[in-house]
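Sequence first, predicted model second:
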Amino acid sequence: MIRDITIGQYYQTKSVIHRLDPRVKLLGTLLFIIALFSYKNPLGYALGIAFMCMVIKLSHVPVKFITKGLKGIMMIMCITVVINLFLTAGTPLISFWKITITYEGLAMAVTMIIRLILLIMGSSIVTLTTTPNNLTDGLEKGLGFMKVFHVPVGDVAMMMSIALRFIPILLEETDRIMKAQLARGADFENGNLVKRAKALVPVLVPLFVSAFRRAGDLAMAMEARCYRGGDGRTKMKPLVYKKRDAVAYIILFAFMVLSIFLGRWSVITGFFNNIYLNILK
Amino acid sequence: MPLILDHVCQVYNADTEMSVRALDDVSLIIPEGQFIGVIGHTGSGKSTLIQHLNGLILPTSGSVYYNGQDITDKDFDRKELRKHVGLVFQYPEHQLFETDVFTDVCFGPKNIGMSKKEAELAAFDALRKVGFPDDLYYASVFELSGGQKRRAAVAGVLAMKPDFLILDEPTAGLDPVGRYEILDMVSELHRTAGITIILVSHSMEDVAMYVERVIVMDKGRVAYDDVPREVFSHSEELEKMGLSIPEPSKIARQLIKAGLNVDPGVLTSGEAADSIYKALMYR
């Protein structure tokens, strides 16, 4: 049940995407998200979906594994759809009783759902193909310039990697505690909302206790090994750009250019039309 | 009513590269009243096996029967099954959550529909059976020592008055004194309350002294299922599975190799001492 959440998990296999420099993947995700939110027409979304499919295909991660992660946000997606569908003003499509569905609402709902799915898939593919260690290295190096503004990049990266590392551990722990309480006759599936919320107390209390215990142990272990903050730490395997990373950057650049041209076509044509009209005047 | 496992298979992460065959065609009959030890190396499928017995995991293929009913049936009441088959997980103290010990022990009995009074009586009875100190009944669970916490957690399951009691590595992380205290307590429960006990362990010594039947798991299969004496006579095969035979048996075997006429089936240090004494006397 709880193992269905795949966000933050690493899927071990061999692929080009796995071998890419984490900086490429991080920047790629950022650009992908920006592109997603800039699209103004269906063509753009088609491009986004195509790009996503290509990355998934290259990553050798089973599609089932990625879509499993979407189950967790099903609720949020449903709420988004309902709100957009019923509460967007515009030309009515169907109307019954007090509810009206508009064209704009339908379009909005579909767009939002595609955006959300691509967003979750895009970010989970990074964690699925990158070990937490690698991800942190990428963040630390990629955001190194922030040190100029006195941002403790190293410490933040360490915190991130610990947080990521703890997600699967805590999920496993939750699973174990839930089973232990099930064995003691607990019931998480039946009853009304209040009853079910109450049934979670026997899971949450031990989970928090164990999270604190683990955090304490980890802090002790880090201090025992003389951890004193991120500054000046050297790496056993420093990140070095390879040829494939350059290729990936080129593909990303091409994707961005295409995104701008296809996804914002009407905006661009409108802009040029305006200039044209202005010149004519 | 016996528990029956019929050709049970369990595959984790099927259809992925991480696919693991945790149980491979396991068939077992567990009659009431026995004291059974399940041993196996880490990852041999012991923990998976016992979770099938109270329906926490359902088999990928095969069936588990209790009381003549297939527990994999959709309309089977697994909560009812868990009333009869109590399972104490590894490090059970991590499941304690109430403000005091007594309330926590009452959690199980209340869940299975006992009234407040019945639950409290059951909790009191269980705490006494596990030998929990009287003056700590209302102490916070965080004030207890490791051994006390473990007793409280075992009591939490025992209070549900199960017919079967499964304990997953009940001695893990305890000092030698605490280990034998817990094992003696479990053995006492078997003797006086007549509860069927299934004791999971990777330590041969724990198992050899107490149980009447040993099930050895290896790579998801049942490697041996016999009385301890018989099982431990396969010392070389056991060692290949990453298991070692009890220390007294090992010494007896070495003495036999050295030409002394010692009984090869000794399990405890007492038996070994007797046997060596006899061998030396009648040499």
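That came through fine.

Just say helix, strand or coil for the residue of the stretch 151-281 of chain A found nearest chain B.
Closest approach between the stretch 151-281 of chain A and chain B, counting by C-beta to the nearest C-beta: residue A:185, at 3.1 Å. All C-beta spots, glycine's among them, are computed from the backbone N, C-alpha and C. The three-state label given to residue A:185 by DSSP: H, G, I helix; E, B strand; the rest coil is coil.

how close does it get to residue A:163?
34 Å (C-beta to C-beta, to the nearest Å).

Between the two, tell me which one has more neighbours.
Remark: of residue A:185 and residue A:163, residue A:185 carries more neighbours, 21 against 11, as counted by other C-beta atoms under 10 Å in any protein chain shown.

quick one, phi/psi of the residue nearest to that one when sequence neighbours are not counted?
Take residue A:185 and drop its neighbours on the chain: the residue closest to it by C-beta to C-beta, 6 or more residues apart in numbering or on different chains is residue B:111, 3.1 Å away. Main-chain dihedrals, residue B:111, degrees, to the nearest 10: phi -60, psi -30.

what's the answer for residue B:221, then?
phi -120, psi 160.

dump the residue contacts of it.
B:24, B:25, B:26, B:45 (C-beta atoms under 8 Å, 6 or more residues apart in numbering or on different chains).

Out of those, which is nearest to chain A?
residue B:45 (16.2 Å).

Residue numbers of the stretch 101-250 of chain B in contact with chain A?
Taking C-beta under 8 Å from any C-beta of the partner chain, the part of the stretch 101-250 of chain B that reaches chain A is made up of B:107, B:108, B:109, B:111, B:112, B:156, B:157, B:160.

so where do the helices sit in the stretch 101-250 of chain B?
B:101-111, B:116-129, B:146-158, B:176-188, B:204-210, B:228-232, B:235-240, B:247-257 (DSSP state H, counting those that start in this stretch).

Can you redo those as JSON lines, where the extra columns are mean neighbour count and mean pLDDT?
JSON lines is the format used below for those (neighbours: other C-beta atoms under 10 Å in any protein chain shown; pLDDT from 0 to 100):
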{"stretch": "helix B:101-111", "mean neighbour count": "24", "mean pLDDT": "92"}
{"stretch": "helix B:116-129", "mean neighbour count": "18", "mean pLDDT": "93"}
{"stretch": "helix B:146-158", "mean neighbour count": "25", "mean pLDDT": "90"}
{"stretch": "helix B:176-188", "mean neighbour count": "16", "mean pLDDT": "88"}
{"stretch": "helix B:204-210", "mean neighbour count": "22", "mean pLDDT": "79"}
{"stretch": "helix B:228-232", "mean neighbour count": "21", "mean pLDDT": "85"}
{"stretch": "helix B:235-240", "mean neighbour count": "14", "mean pLDDT": "84"}
{"stretch": "helix B:247-257", "mean neighbour count": "17", "mean pLDDT": "84"}
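
Need the residue closest to the centroid of chain A.
Nearest to the geometric centre of chain A sits residue A:123, at 2.9 Å (C-alpha atoms, centre = their mean).

hang on, that one packs against residue A:29?
Yes - look at residue A:123 against residue A:29 with C-beta atoms under 8 Å: they come within range, at 6.0 Å.

nearest to residue B:13, of the helices of the stretch 101-250 of chain B?
Taking C-beta to C-beta as the criterion, helix B:235-240 is the member of the helices of the stretch 101-250 of chain B that comes nearest to residue B:13, at 26.9 Å.

list the helices and strands the closest one packs on?
helix B:247-257 (3 or more C-beta pairs under 8 Å, 6 or more residues apart in numbering or on different chains; DSSP states H and E).

burial of residue B:48, as a residue count?
21.

list the contacts for it?
B:10, B:22, B:23, B:57, B:220 are the contacts of residue B:48 under C-beta under 8 Å, 6+ apart.

Which of these fall within strands?
B:10, B:22, B:23 (DSSP state E).

my guess is the first one meets residue B:47, correct?
It stands for residue B:10. No - with contact defined as C-beta under 8 Å, residue B:10 does not reach residue B:47; the gap is 11.0 Å.

Have a look at those two and say which one is more surrounded.
Ranked by neighbour count (other C-beta under 10 Å), residue B:10 and residue B:47 place residue B:10 first, with 23 against 20.
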